[in-house]
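Trainee: any chance you could fold what I've pasted below:
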Amino acid sequence: MAKRKAASSSSSSSSSSQTEPPDDANGSNRLGARGTGVRKTRNSNLAKPPAKRLKTTANKTSKAGSKSGPADMDTGNSKVPAKPGKNLTALITELPTDILLEVLSHLPPRDLLHTARTDRLFRKTILNRGSMSVWKTSLEAYNTPEPPEDFSLPRWAALLFEPICQVCWNKKAMNVDWYLLKRICGACKAKCLIQLSFSMRYKHPQLSAAAETCISSTWHKGATHFWASDFEDFKSRWGKAAESTDPVEIAAFEKWKKERATQVAKRNQMVPVYKEWRNGLTSKNKNEAERRRKHRLQGVRSRFLELGYLDVDIDSAISIESDGIFSGSPDVTDAIWANLKAKLEPAVIEARNLRLALDLEPAVEERMGILEDVYSTYLEGLRPSEQYFCPPLEVLRPIPEVLEILEAEKTRNITESDFKPVADNLDELIARYQKEKKKTLVKLLNSRGGRYMEEPLELARNVFRRARSQGSSMPSKAPTSDCVLVGWAMLGTHTTDAYSEVMLRPGVYLNMPAGFIYNELSSGHCSELIDMAGLNPQTASVNEMDSMDPRFVCDTCSTLNGYGYAILSWRAALCHLLKHPNSWPTMRLASKDEAAEAKSNEGQFREAAAAWACNHCSDFLAAASAGTKAAVLEHLENEHQIIDPKATEDYFINERCRHTSCDSSVSDSSVSDSSVSL
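Mentor: Predicted structure coming up:
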């Protein structure tokens, strides 16, 4: 070691003498003067030219640059080549042996094994007989049992601490078979373990009995198993001894059997000791891991407390089981905190927001009641045909102007006067709501990649359905009134009992009416119906289809029904196709006679449908409250003293009841009923 050090010093000195240029008489370095890049004019009185720059040798590392910096470091007026770095192996080999072994003895056994596999030099150093004290010190730190007589310390360390199958070296094997003193994965156990068959025990009873005492065995799949190679070796020795007539060989075999039996007995006696140590180590590891997690959690809690969060929010958001807490270094350094903060802070924020929302909830509910009165007063000033385009009360809650009042300090007394600015601005808020609703629907259409007119919601081929509510069954279970929505009149007035959660802020959610999704199936059906009617599916509007008022017949149903068949309006045909039990129903355009015969009978059914509403009060506005035309006319006369009511002015068809249908069908020449969708 001393010679290596001296040689290194000599080499360094030689290199230094070659790379440093001589100083001139004034003590200045000519390389440094020329290193400024400024060329001096040559004086004719000077006999000697300026000295040339001396060549410098640089190793490959300095040319390519190193991790610590560039190859040539600019030091003012000159460039000095960087000193070549030393690799870790070179540095370690320069250490005195006793110091190196002392350092290695502080490594855990598994790390010591990995270090021994780094390169040949380490392997030779660590596995040297003189280095066994390193292994002993490392193992004693874990209070390991003494190794069996035929186990070296490195082999014992590998068995105890490396969770790898010692046969295939590929799969993890977390448990040691203490009877065989091997780590074996399940696949290798199946290959390498054998069980003595009944015929073997019957034909060779002495061999079988001796094997159980002279060979280590384990309990596997409800029976005693031997390691295959051990049994084959024993069987071979037994056969040779049985055939031998040499008393010396026979005596040697008997001696070997006794030694093996003693060794196996000792191993079996040590199994409880090994298991107890393993259980203790597992418990110790668990306790240590628990301690590390608690320490890490405490460090994270302290960091969050410094940011101003409360204990109650931190404790409800994170725990020992949290991702980022369960594993990792117990000390929360700045670098670790930067990573954990980004990962855990959202949960703490959610917990804080939820706590504040729950604390304020009683006050918010009371204020929502006040807002409901204010909103009802506003709606009473609108005609019912305008009212049902207004959003439900819940939609107003997340509006910033409203939310500011609802979530004011709970000690503040909120009255109707506090909502006056909101009431005065309801026209604008509702217009904004309708605009956003249209924009959302158009965005759903744009995602389909088609080309649309200026008012794409008025295209007859664009059919929507409400989105499924959270926790509900599949959308197909929804009523037809929720599944076939075409045109802004139906979409703008649609109400549903289906709700979905909308995030108000992280951790706080509101139940809001379910939105809409594009009904691809019904849109395809509608395009086919429009084409049958003789219009262009790309441009036909809802009004054009209503004006043409075509009728359709389901051929699939008409062939199955011997009593007649339904004549369907285009909306009724859409509903019929959507709910049809047959996967591929066929529809045709009704003939002129069929359409005329159906329309002649529709008037009475249309007026008898509970789909009419009064335009002077909201008594018939809800879908469930809509009445027949006769009931609404009687209401107008009795309640509003209108004797000669005008359609759309005094009463109208409730868009929420478009799907109200009355069944009628045509059979031969007699008309019994017809299907109408208003």
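Trainee: and residue 503, its phi and psi?
Mentor: Torsion angles at residue 503 (phi, psi; degrees, to the nearest 10) stand at phi -70, psi 120.
Trainee: tell me, how many neighbours does it end up with?
Mentor: The local packing of residue 503 (other Cβ atoms under 10 Å) involves 11 other residues. In short, each C-beta sits where N, CA and C put it, glycine included.
Trainee: now do the same contact list for it.
Mentor: The neighbours of residue 503, taking Cβ atoms under 8 Å, 6 or more residues apart in numbering as the test, are residue 509.
Trainee: need the pLDDT of it.
Mentor: Note for residue 503: predicted pLDDT of 92.
Trainee: equivalent analysis for residue 560, please.
Mentor: We have a pLDDT of 53 for residue 560.
Trainee: now the one 3 residues further on
Mentor: Residue 563 is assigned a predicted lDDT (pLDDT) of 63.
Trainee: lowest mean pLDDT among the helices and strands, pick that one out for this protein.
Mentor: None of the helices or strands of the chain scores lower by mean pLDDT, DSSP states H and E than helix 30-34, at a mean of 33.
Trainee: output the below-cut-off pLDDT ranges for the stretch 101-250 of the chain.
Mentor: Of all residues in the stretch 101-250 of the chain, none has pLDDT under 70.
Trainee: hey, where'd the helices end up in it?
Mentor: For the stretch 101-250 of the chain, helices defined by DSSP state H, counting those that start in this stretch occupy the ranges 109-116, 120-126, 132-140, 153-161, 186-192, 198-203, 205-214, 228-243, 247-306.
Trainee: now the ones you listed in TSV, with distance to residue 608 and mean neighbour count?
Mentor: Listed next are these as TSV, based on distance: least, Cβ to Cβ, whole Å; neighbours: other Cβ atoms under 10 Å:
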stretch	distance to residue 608	mean neighbour count
helix 109-116	86	18
helix 120-126	97	15
helix 132-140	94	18
helix 153-161	87	19
helix 186-192	75	15
helix 198-203	89	10
helix 205-214	95	15
helix 228-243	89	14
helix 247-306	67	14
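Trainee: find the nearest non-adjacent residue to residue 395, please.
Mentor: residue 433 (6.3 Å; Cβ to Cβ, 6 or more residues apart in numbering).
Trainee: surely the one you found and residue 392 touch.
Mentor: No. Using Cβ atoms under 8 Å, residue 433 is not in contact with residue 392; the gap is 10.4 Å.
Trainee: who has more neighbours, the two?
Mentor: Set side by side, residue 433 and residue 392 show more neighbours around residue 433, with 16 against 11, by other Cβ under 10 Å.
Trainee: report the next helix or strand after the one helix or strand that one maps to in sequence order.
Mentor: Using DSSP states H and E, residue 433 falls within helix 426-446. Using DSSP H and E, the helix or strand that follows helix 426-446 towards the C-terminus is strand 463-466.
Trainee: quick one: list the elements packing against that following strand.
Mentor: With contacts taken as 3 or more Cβ pairs under 8 Å, 6 or more residues apart in numbering; DSSP states H and E, strand 463-466 sits against helix 480-483, strand 485-486, strand 516-518, helix 520-532.
Trainee: tell me which strands it pairs with, and in which orientation.
Mentor: strand 485-486 (antiparallel), strand 516-518 (antiparallel) (DSSP bridges).
Trainee: mind listing what the residue nearest to residue 309 when sequence neighbours are not counted touches?
Mentor: Distances taken as Cβ to Cβ, 6+ apart put residue 348 closest to residue 309, at 5.6 Å, once the chain neighbours are dropped. Residue 348 makes contacts with 304, 309, 313-314, 317-318, as judged by Cβ under 8 Å, 6+ apart.
Trainee: those residues: which two are farthest apart?
Mentor: Pairwise distances across the contacts of residue 348 (Cβ to Cβ) peak at 10.5 Å, for the pair 309 and 318.
Trainee: of those two, who's got more company?
Mentor: Neighbours per residue, other Cβ under 10 Å: of residue 309 and residue 318, the larger number sits with residue 318, 23 against 18.
Trainee: circling back to that earlier point, from the contacts of residue 348, which single one is nearest residue 243?
Mentor: For the contacts of residue 348, the nearest to residue 243 is residue 318 (73.3 Å; Cβ to Cβ).
Trainee: returning to what we had before: which of the strands paired with strand 463-466 is buried the deepest?
Mentor: Burial of the strands paired with strand 463-466 is given as mean neighbour count (mean count of other Cβ atoms under 10 Å); strand 485-486 ranks first at a mean of 25.
Trainee: what's next to it, contact-wise?
Mentor: Residues from elsewhere that reach strand 485-486 (Cβ under 8 Å, 6+ apart): 460, 462-466, 491, 494, 516, 519, 526, 542, 571, 574.
Trainee: who touches residue 616 in this structure?
Mentor: Neighbours of residue 616 in contact, by Cβ under 8 Å, 6+ apart: 383-384, 636, 639-640, 642, 650.
Trainee: burial of residue 169, as a residue count?
Mentor: Around residue 169 there are 10 other residues, counting by other Cβ under 10 Å.
Trainee: look up how far residue 122 lies from it.
Mentor: 20 Å (Cβ to Cβ, to the nearest Å).
Trainee: in CSV: the contacts of residue 348, plus distance to residue 219 and secondary structure.
Mentor: Converted to CSV, the contacts of residue 348 look like this (distance: Cβ to Cβ, whole Å; DSSP: H, G, I helix; E, B strand; the rest coil):
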residue, distance to residue 219, secondary structure
304, 52, helix
309, 55, coil
313, 53, helix
314, 50, helix
317, 48, helix
318, 45, coil
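Trainee: my guess is residue 508 meets residue 355, correct?
Mentor: No. Using Cβ under 8 Å, residue 508 makes no contact with residue 355, being 10.0 Å away.
Trainee: report the contact partners of the most centrally placed residue in the chain.
Mentor: The centroid of the chain falls nearest to residue 323 when counting by Cα atoms, centre = their mean (12.7 Å). By Cβ under 8 Å, 6+ apart, the contact list for residue 323 reads residue 343.
Trainee: ok, now residue 331?
Mentor: By Cβ under 8 Å, 6+ apart, the neighbours of residue 331 are 295-296, 299.
Trainee: now residue 263
Mentor: 148-150.
Trainee: re the thing from before, what is the nearest of the contacts of residue 616 to residue 201?
Mentor: residue 384 (96.0 Å).
Trainee: my guess is residue 223 contacts residue 195, does it?
Mentor: Yes. Counting by Cβ under 8 Å, residue 195 is a contact partner of residue 223 at 5.3 Å.
Trainee: quick one: which of the two has more around it?
Mentor: The neighbour count for residue 223 versus residue 195, taken as other Cβ under 10 Å, is higher for residue 195 (15 against 10).
Trainee: secondary structure element for the residue nearest to residue 309?
Mentor: Residue 348 belongs to helix 334-380, assigned by DSSP H and E.
Trainee: can you name the next helix or strand after that helix?
Mentor: Heading C-terminal from helix 334-380 (DSSP H and E), you reach helix 384-387.
Trainee: for that next one, give the mean pLDDT please.
Mentor: Mean pLDDT, computed over helix 384-387, is 92.
Trainee: and it, what's buried?
Mentor: Buried residues in helix 384-387, defined by neighbour count with 16 or more other Cβ atoms under 10 Å: 384-385, 387.
Trainee: same question, stretch 94-107
Mentor: Buried residues in stretch 94-107, counting neighbours by 16+ other Cβ under 10 Å, are found at 100-101, 104-105, 107.
Trainee: and the end-to-end length of stretch 406-413?
Mentor: Its first and final residues considered, stretch 406-413 spans 11 Å by Cα to Cα, to the nearest Å.
Trainee: and it, average pLDDT?
Mentor: 93.
Trainee: do the same with stretch 595-604
Mentor: 80.
Trainee: which positions within it qualify as buried?
Mentor: Those buried within stretch 595-604 under the rule 16+ other Cβ under 10 Å are 595, 597-599, 601-602.
Trainee: ok, how many other residues are close to residue 482?
Mentor: Neighbours of residue 482 (other Cβ under 10 Å): 23.
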